[in-house]
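Asks: Sequence plus predicted model, see below.
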Amino acid sequence: MDKNERAEGTRRERRCAVTREIKSNDELIRFVADETGQIYPDVSARAPGRGVWIGANIDALQVAIKTNAFARSLKRATKIADNLLPLTISQLQQKCLSMIGLAKRSGQLVLGFDNVAEALRKKPAAFLIEASDGADDGRHKVIALSKKWKNVQIIGCFSNQDLGSVLGRDNVIHALVPKGSFADALGQELNKLKGFKSLAPTAWEL
């Protein structure tokens, strides 16, 4: 086990290379260096070799880039590309989209205005996903339905094309993820993304 890692039951924790705080994996992003010392994000935390863990928020990563916390943690020369921040955000977004695609294949995703509206009338959901470029009218109606319940999180940071690319459809405007263990896992990834960009426009709040 890495000296910056500790396990408490099944919950693994690491030390943020910027703040030196001990945090759970769910609050951190792993970065690795290739053989040339180039730093890359490893948002799935599966790449071989020693990693550097940074708090899952834009401030922590910007400090890590400015101070090259990667070299200090890895004890070797490293190179940081100019696009490390946008690359990290892109990977986080793609991880969330991939999990939404998995939700569909696992039967944990409701699609289409009528189906989403019917589901919201019956029971609460974990996430209401609205395409960022969808029509206002339909979005307002399903968001209003979601207000019947507490803690339905609105996700509006993915476009119709983003959603369609992982769901195998040309037109994806409304989707819903029911409460459950799958929603909990998706929520962990969305919380990381939230550290870098808004998950929904504030104007959508009714």
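Replies: Received the coordinates, thanks.
Asks: got any ranges where the chain has weak pLDDT?
Replies: Scanning the chain with the threshold set as pLDDT under 70 gives 1-11, 205-206.
Asks: Let me see the ranges of the helices in it.
Replies: 58-67, 69-74, 84-105, 113-122, 136-146, 160-167, 181-194 (DSSP state H).
Asks: tilt between the first one and helix 84-105?
Replies: Direction vectors for helix 58-67 and helix 84-105, defined by axes from the mean of the first three to the mean of the last three C-alpha atoms, to 10 degrees, enclose an angle of 140 degrees.
Asks: packing partners for helix 58-67?
Replies: strand 52-55, helix 84-105 (3 or more C-beta pairs under 8 Å, 6 or more residues apart in numbering; DSSP states H and E). Any C-beta I mention is one placed from the backbone N, CA and C, and that applies to glycine too.
Asks: ok so, going back, tell me which of the helices of the chain sits nearest to A47.
Replies: In terms of C-beta to C-beta, the element of the helices of the chain nearest to A47 is helix 84-105, at 11.7 Å.
Asks: and among the helices of the chain, the most buried is which?
Replies: The highest mean neighbour count among these, using mean count of other C-beta atoms under 10 Å, belongs to helix 69-74: a mean of 20.
Asks: packing partners for that one?
Replies: strand 28-33, strand 52-55.
Asks: Export those strands as a markdown table, with columns for mean neighbour count.
Replies: Putting the helices and strands packed on helix 69-74 into a markdown table (neighbours: other C-beta atoms under 10 Å) gives the following:
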| stretch | mean neighbour count |
| --- | --- |
| strand 28-33 | 23 |
| strand 52-55 | 25 |
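Asks: Could you export those strands as JSON lines, including distance to V43?
Replies: Putting those into JSON lines (distance: least, C-beta to C-beta, whole Å) gives the following:
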{"stretch": "strand 28-33", "distance to V43": "6"}
{"stretch": "strand 52-55", "distance to V43": "11"}
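Asks: Backbone dihedrals for K179, please?
Replies: phi -60, psi 150 (degrees, to the nearest 10).
Asks: What separation is there between D114 and L176?
Replies: 12 Å (C-beta to C-beta, to the nearest Å).
Asks: gap between the nearest residue to M99 once chain neighbours are set aside and T67?
Replies: Closest residue to M99 apart from its sequence neighbours, by C-beta to C-beta, 6 or more residues apart in numbering: L186 at 5.0 Å. Plainly put, L186 is 32 Å away from T67 if you go by C-beta to C-beta.
Asks: now D170
Replies: 45 Å.
Asks: which residue sits closest to T88, ignoring its sequence neighbours?
Replies: Here the residue nearest T88, using C-beta to C-beta, 6+ apart, is P41, at 4.3 Å.
Asks: For A117, which residues are in contact?
Replies: If you count contacts by C-beta atoms under 8 Å, 6 or more residues apart in numbering, A117 has them with K141, V142, L145.
Asks: what's the closest of the residues you listed to I54?
Replies: Nearest to I54 among the contacts of A117, counting by C-beta to C-beta, is V142 at 35.8 Å.
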